[in-house]
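Student: This is the structure alone, sequence omitted:
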């Protein structure tokens, strides 16, 4: 694979937004300036690429964005980019601006798009893992995950205040699509009575037994964390089932929802995004195409996109073991 | 009405908990100590009064509670206290401890209990308005309301990040039972496109028209605040109706839920609770019985409980007018 | 006084910035649009007026600023505006844009400038109280004060964690220039052992006596709040004096400093700023010139600027009384 | 080394407190209960060990402490424990309670004590790295560091609001004793213009040059992060030197101070503390004595205390490189 002489890089965010995306954009753009490149913002992801919503960025565009949630380049899902015609339009728009390469920040769908586009049109791309779900391989943690976990525990800390005052049982549903990473971290981080994740099946009877044991041990308020997308059902469904076994218990359900996607990124997410934003540009300059830049054991690692998106990232058994010890 | 020589005061929190209840308990207890009284904690509200869950408090009990959400005396709803037998038991327990008077912190139901108890058994009580809903007369603001409003806007700030990134329309449901106070403050405080409150009927067509006008004016993301308990339906129901008119719009719903009840109280709630806690004890010492202590125009005012609980507290028309100007 | 037909309003922020200034600018601009006026941003206060740093605003300029600290119009102190020549230049710049009237957001110095300018050139102005110090008459609270108090107590909550862990005595210096408002609120709100304000002289012996009494009562960690600008000296100076009396005590000093000026405004400050921003524009339209719009007992009140800036706003004796009861 | 049959474990926190210490105590105690052990709290570190301030813990002691800053076991520095007589007393107190082993949570001084005590009296101890400074080897990160970094950037975000509004240059001093870890993370995380750390000498001329270049590039507000304990002097001293070169610049200094030590721990610190608390007890049960449990590449690692405290933990050159690219 020949290393191209890259002069103009387009940056885009795509898929569900995540805190730290702005920090990643800023880092990529600033790194580009540092190396004398021209940097372009592609607004609203692949949709904007197709609609030619592309603007040259200067340093003002990236001032005071590091600390802000969301993405100032906006994000969107693009049906049209899934079609050959859509991608052709997108390619022509990039060419009209002279854009040589892409930095694509998003989840597995976004990275798949970058991979496909590279296969078809040879536009070099480095992907960055931007998703609160942490469900990408090739990086220990994804941009936005740490913030989402902290947002979750801050909300649960508040819920615990009222749970304790009333000796209630709360089921709190957190995000994570098909992955239990947020649930585990938020659960251990908030002293949850139990954590239900998509990767493990927890029979209702087991859950009820645990709650009964804890109630006997006078832990009179209890919080159960439920990852959305789990096979055991939504937090509401599980709560309804448990209610039949524990009719004397005052049970409430809270779905944290989209507030987990926003907010100023944590220090960790700012650092992660900053390092990976620089790594994206430096990767492109070094001929690393069709890869995702991630951080493994605190070192930048470039993983082929096709390997990063396979969705086989495993939860840490040790975390589950610790969670069990601490909630028993 | 003769002023009794009060020596032992029982303090309880009842009904839905609110941030600042701990600060109010602390202030009452500390004021009691200042005036040489004995102070008792009655745990779990009227239920604990019936079950004799009553303990003498010392200064350690109230150390480092000011800044904590919830209520360390816990709260509960008591069916038994609604019966003459329940109240008789409660009275006998108070007598067994020699408790002369009560400070009751809670909402309208809790204050009603204190009034009834005074009528039946002559136990002097001063009520304090402890509820996030702000639906009590006799005080400009209730303890916990300011914190709940801030919790709401902090959550909505996060939701706005993701709403803006995706140009989405969000319906955010806030608490308030039958009162729109939280909705109005959170709505004005978060630049909401519209605010739906129980006190006013907003036809779906009017709401849709407003959203269409704003979309034309390129305010592409929009947040609508919906107070729970409104006649127009829940946030989800309203969203479903609106979706039929605006099929092209990506619509999401978030129910903030119980996290609005918790969290460290704001500075204002700490001050309000501190002043009213002192006022409760001083009121009892001055023979002010069967009243609620509130703050009106920053002055302590004692209002007969029967007047405080009538539920006719009106929302400020001027607030609605300002909200309308700012969202047009 | 004749009411002019105002068509173009300039908005500026001046003096020390305060959280909520952006919300006030937004509200004024949006109210202007609502009434069909043209709105101009005058950047960097009077300095920008002299240097013609003036731009017509549209709705994009005020999108997503409500929730941000600082002021996007920036602020500055202007020596030149104190000279007749400077004001002449400023006037000519306003005329060149056709600006008929001003909304001036700031503290006493900023409002004095608006008054002087009205006297000399007849440019109608409504001032808004924008300062964390709360030292303006004509309003119960100034924009930014509530946020500064909350920022202070959140910082002090953190300091208390470490103070308690080590049984230390902390002196925490808060802002407020010559006014003790922040100190009192932050002090009551953080269970301070003592509060030293510029308006009252506290002899070191009295302070030491109180600390000794508390130590005997086993309140082993103590926090003393010191307002900057007090006659008893800075927090460090007072700490040094106290250290001589309590040599066994581990004493630390923290100066909260400029972080009290920043941060997202609280819900209250957003509401206050929103109401006053609207009131400023409506006041100008109704011929209310040379006044400051404030909120007294939750009603908008227009006070002649010369009366608002006299600096005789008194602290509430009742607050000091409550503070004393609660810290004894 | 023979593995003892441990039945009673004492837990203590020592040295400067750090957020997450409570979570570590809770995890150790709960793990102890899980394995059927008796757990004792030794209050005020080694000082309390000497004064026999030791209490058996039950599950109530560790309820709702996970999320709280500080350490409920309190901390202290003990001169007496540095003497053989002091350690003898401490040993006798432990024996009187039948305590077989220790979990010691703290920084290098605290771990040194545990090592010495093991050498002299054979009391098995596992140390946990509890310090915001991150200056211990044998673990990627110490308990409290992540929280301190987040506290720092949240404060700097606020300072940036006012810096930007006034185009000011701020010097912000952060903690870290002789280590620049907090400074680097907070600096990269807050888009600092420059970061001064103890490990590198930055000539004033270099700093001034960088600030001049940035000012030319219209980055008109600037924040410089200064680690306490650096050879170039305190933030105030550096600011004074810089002021001579940039007399036109409005320069301010803020020392964040002890608020960096407090506050609710972040999700990461709660997880780290939870895992290490369990690891401490399991280590003791497996005969791992005189070691510190740390987390390296997300795996628990036991390092001999003598190796953990050597103070040669190096800052990551890559972090500095990224910081430089992003601030140029």
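Tutor: Structure's in. What do you need? None of the values given here were measured: they were computed from a predicted structure.
Student: Please name the nearest non-neighbouring residue to the most centrally placed residue in chain A.
Tutor: Chain A has residue A:131 as the residue nearest its centroid, 1.7 Å off, counting by Cα atoms, centre = their mean. If the residues on either side of it in the chain are set aside, residue A:131 comes closest to residue A:107, at 3.8 Å by Cβ to Cβ, 6 or more residues apart in numbering or on different chains. Where C-beta positions appear, they are placed from N, C-alpha and C, glycine not excepted.
Student: Same question for residue A:68.
Tutor: Computed as Cβ to Cβ, 6+ apart, the closest residue to residue A:68 that is not its neighbour in sequence is residue A:22, at 5.2 Å.
Student: quick one: stretch A:243-259 near chain D?
Tutor: No - Stretch A:243-259 lies apart from chain D when judged by Cβ under 8 Å from any Cβ of the partner chain; the minimum separation is 13.5 Å.
Student: and stretch A:175-188, average pLDDT?
Tutor: Averaging pLDDT along stretch A:175-188 gives 95.
Student: Any residues of the stretch 101-250 of chain A in contact with chain B? List them.
Tutor: Taking Cβ under 8 Å from any Cβ, the part of the stretch 101-250 of chain A that reaches chain B is made up of A:151, A:155, A:157-167, A:170.
Student: and the residues you listed, which two are the farthest apart?
Tutor: Maximum pairwise distance in these, criterion Cβ to Cβ, is 26.0 Å, between A:151 and A:167.
Student: can you pull the buried residues of the helix or strand of chain A with the lowest mean pLDDT?
Tutor: Comparing helices and strands within chain A by mean pLDDT, DSSP states H and E singles out helix A:204-216 as the least confident, with a mean of 91. Residues of helix A:204-216 classed as buried: A:207-208, A:210-211, A:214-215 (neighbour count, 16 or more other Cβ atoms under 10 Å in any protein chain shown).
Student: got it, and stretch A:233-251?
Tutor: In terms of neighbour count (16+ other Cβ under 10 Å), stretch A:233-251 has its buried residues at A:234-235, A:238-239, A:242, A:249, A:251.
Student: So for that stretch, mean pLDDT?
Tutor: Taken as a whole, stretch A:233-251 has a mean pLDDT of 94.
Student: Residues in contact with it: which ones?
Tutor: By Cβ atoms under 8 Å, 6 or more residues apart in numbering or on different chains, the list of residues contacting stretch A:233-251 from outside reads A:166-173, A:196, A:204, A:207-208, A:211-212, A:215, A:224, A:226, A:228, A:232, A:252-255.
Student: Going through those, which ones are buried?
Tutor: For the contacts of stretch A:233-251, a neighbour count by 16+ other Cβ under 10 Å gives the buried set as A:166-173, A:196, A:207-208, A:211, A:215, A:224, A:226, A:228, A:232, A:252-255.
Student: Restricted to helices, list these.
Tutor: When DSSP state H is applied, these are split such that A:166, A:207-208, A:211, A:215 fall in helices.
Student: Show the contacting residues for the residue nearest to the centre of chain A.
Tutor: Contact analysis of residue A:131 by Cβ under 8 Å, 6+ apart lists A:15-16, A:18, A:106-108, A:142-145.
Student: quick revisit: and the residue nearest to residue A:68, that's in a strand?
Tutor: No - assigned with DSSP: H, G, I helix; E, B strand; the rest coil, residue A:22 falls outside any strand and is helix.
Student: Could you dump the ones in helices among the buried ones among the contacts of stretch A:233-251 into CSV with distance to residue B:26 added?
Tutor: Listed next are those as CSV, based on distance: Cβ to Cβ, whole Å:
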residue, distance to residue B:26
A:166, 20
A:207, 37
A:208, 38
A:211, 33
A:215, 29
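Student: Pick the one among those residues closest to chain B.
Tutor: Nearest to chain B among these: residue A:166, at 5.9 Å, using Cβ to the nearest Cβ.
Student: can you tell me how far that closest one sits from residue C:286?
Tutor: When distance is defined by Cβ to Cβ, to the nearest Å, residue A:166 is 51 Å away from residue C:286.
Student: Quick check: phi and psi at residue A:105.
Tutor: In terms of degrees, to the nearest 10, the main-chain angles of residue A:105 are phi -110, psi 120.
Student: so it makes contact with residue A:136?
Tutor: No - using Cβ atoms under 8 Å, residue A:105 is not in contact with residue A:136; the gap is 11.7 Å.
Student: burial count for residue A:220?
Tutor: In terms of burial, residue A:220 registers 16 neighbours under the definition other Cβ atoms under 10 Å in any protein chain shown.
Student: how about the nearest residue to it, chain neighbours excluded?
Tutor: Taking Cβ to Cβ, 6+ apart as the measure, residue A:220 lies nearest to residue A:167, with 4.2 Å between them; neighbours along the chain are not counted.
Student: Report the separation between the one you found and residue B:81.
Tutor: Residue A:167 sits at a distance of 17 Å from residue B:81 (criterion: Cβ to Cβ).
Student: for residue A:107, same thing?
Tutor: In this structure, residue A:107 and residue B:81 are separated by 53 Å, where distance is defined by Cβ to Cβ.
Student: what about residue A:39, distance to residue A:231?
Tutor: Noted for residue A:39: a distance of 44 Å to residue A:231, by Cβ to Cβ.
Student: can you tell me which of the ones in helices among the buried ones among the contacts of stretch A:233-251 lies nearest to chain C?
Tutor: For those, the minimum distance to chain C (Cβ to the nearest Cβ) is 24.1 Å, reached by residue A:166.
Student: wait, doesn't the closest one sit right on residue B:47?
Tutor: No - the criterion here is Cβ under 8 Å, and residue A:166 misses it with residue B:47 at 10.9 Å.
Student: Can you show me the helices along the stretch 201-328 of chain A?
Tutor: With helices called from DSSP state H, counting those that start in this stretch, the stretch 201-328 of chain A shows them at A:204-216, A:235-245, A:267-285, A:305-308, A:317-327.
Student: Quick check: of the residues of the stretch 101-250 of chain A next to chain B, which lies closest to chain C?
Tutor: residue A:157 (13.3 Å).
Student: the domain parsing of chain A - what is it?
Tutor: Following automatic domain parsing, chain A resolves into domains at A:8-144+A:265-308, A:147-262.
Student: First-to-last residue distance for the last one?
Tutor: Start-to-end span of domain A:147-262 (Cα to Cα, to the nearest Å) is 8 Å.
Student: Same question for the first one.
Tutor: Distances were taken as Cα to Cα; on that basis the terminal residues of domain A:8-144+A:265-308 are 25 Å apart.
Student: coming back round to it: looking at the helices of the stretch 201-328 of chain A, spot the one closest to residue A:118.
Tutor: That would be helix A:305-308 among these, by Cβ to Cβ, at 8.1 Å.
Student: May I see the buried residues of the closest one?
Tutor: Residues of helix A:305-308 classed as buried under the neighbour-count rule (16+ other Cβ under 10 Å) are A:305, A:308.
Student: Helices of the stretch 1-150 of chain A, start to end?
Tutor: All helices of the stretch 1-150 of chain A, identified by DSSP H, counting those that start in this stretch, fall at A:21-34, A:45-50, A:84-97, A:108-121, A:145-166.
Student: Counting by contacts, list what the first one packs against.
Tutor: By that I understand helix A:21-34. When contacts are defined as 3 or more Cβ pairs under 8 Å, 6 or more residues apart in numbering or on different chains; DSSP states H and E, helix A:21-34 packs onto strand A:8-13, strand A:38-42, strand A:101-106, helix A:267-285, helix D:317-327.
Student: Grab the nearest non-local neighbour of residue A:222.
Tutor: The nearest residue in space to residue A:222 (Cβ to Cβ, 6+ apart) is residue A:193, at 4.0 Å.
Student: Counting neighbours, what do you get for the one you found?
Tutor: Neighbours around residue A:193, by other Cβ under 10 Å: 21.
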